[in-house]
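# dropping the sequence and predicted coords here.
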Amino acid sequence: MNRRNVLIATTFAALGARFAPDALAAERAEGGRSGAGNVNDVVVRYLTAWNEQDARRRHDLIAATWTEDGTYVDRVREGHGHGSIDGMIAKAQGQFPGYRLSLASGIEAHHDYLRFSWTAGGTADAPLYIKGTDFALMAEDGRFRSVIGFVDAAPAPVSR
């Protein structure tokens, strides 16, 4: 993975890049993985899906990012399949309004696995800072088969 591709992916994720459904369909139609560029693209789509407020665009991003039977799991949430992942992301957005995920590391990939870190918050609209690392398993078509998320830094829970 070269530095230029990481910077491009970071920039798109920070800007909350939007992807047209037609462009996503064309990319999927090409089939297979095209090396580091495809890994960057899927991570950018993943982060953009978490940031997307429009339900239709978010659903299109999820379909372009995960296989139909794809999964996401972390300590507090999980989704199985496009509809479940979409509902999970929408619920997280409702719980954490104003939070936007941004790439916080390079993307390390080997075999069918990849790892990257992200940040969210630390702004006036979303004051609590959260950082995490996600591990993904890629499918043959270049989409995620599964993502497992870990929170690396977050505010301490308030005891009642």
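Received, thanks. All values derive from a computational prediction rather than experimental measurement. Residues are numbered from 1 along each chain as shown.
# longest helix of the protein?
With DSSP state H setting the assignment, residue counts place helix 36-51 as the longest helix in the chain.
# let me see the mean pLDDT of stretch 129-147.
Taken as a whole, stretch 129-147 has an average pLDDT of 96.
# end-to-end on that stretch?
22 Å (CA to CA, to the nearest Å).
# what does stretch 126-134 give?
With CA to CA, one end of stretch 126-134 sits 21 Å from the other.
# low-scoring stretches of the protein, by residue?
Along the chain, the model assigns pLDDT under 70 to residues 1-37, 156-160.
# how about 80 then?
Scanning the chain for pLDDT under 80 picks out 1-37, 154-160.
# all helices of it, in order?
Using DSSP H, helices in the chain cover 3-15, 21-30, 36-51, 55-65, 82-95.
# can you count the residues close to the closest residue to Lys131 other than its chain neighbours?
Excluding its sequence neighbours, the residue lying closest to Lys131 (CB to CB, 6 or more residues apart in numbering) is Ala153, at 4.1 Å. All C-beta atoms are positioned from the backbone trio N, CA, C, and that covers glycine. For Ala153, the neighbour count with other CB atoms under 10 Å is 10.
# Ala120 versus Ala153, what's the distance?
Distance from Ala153 to Ala120, counting by CB to CB, to the nearest Å: 10 Å.
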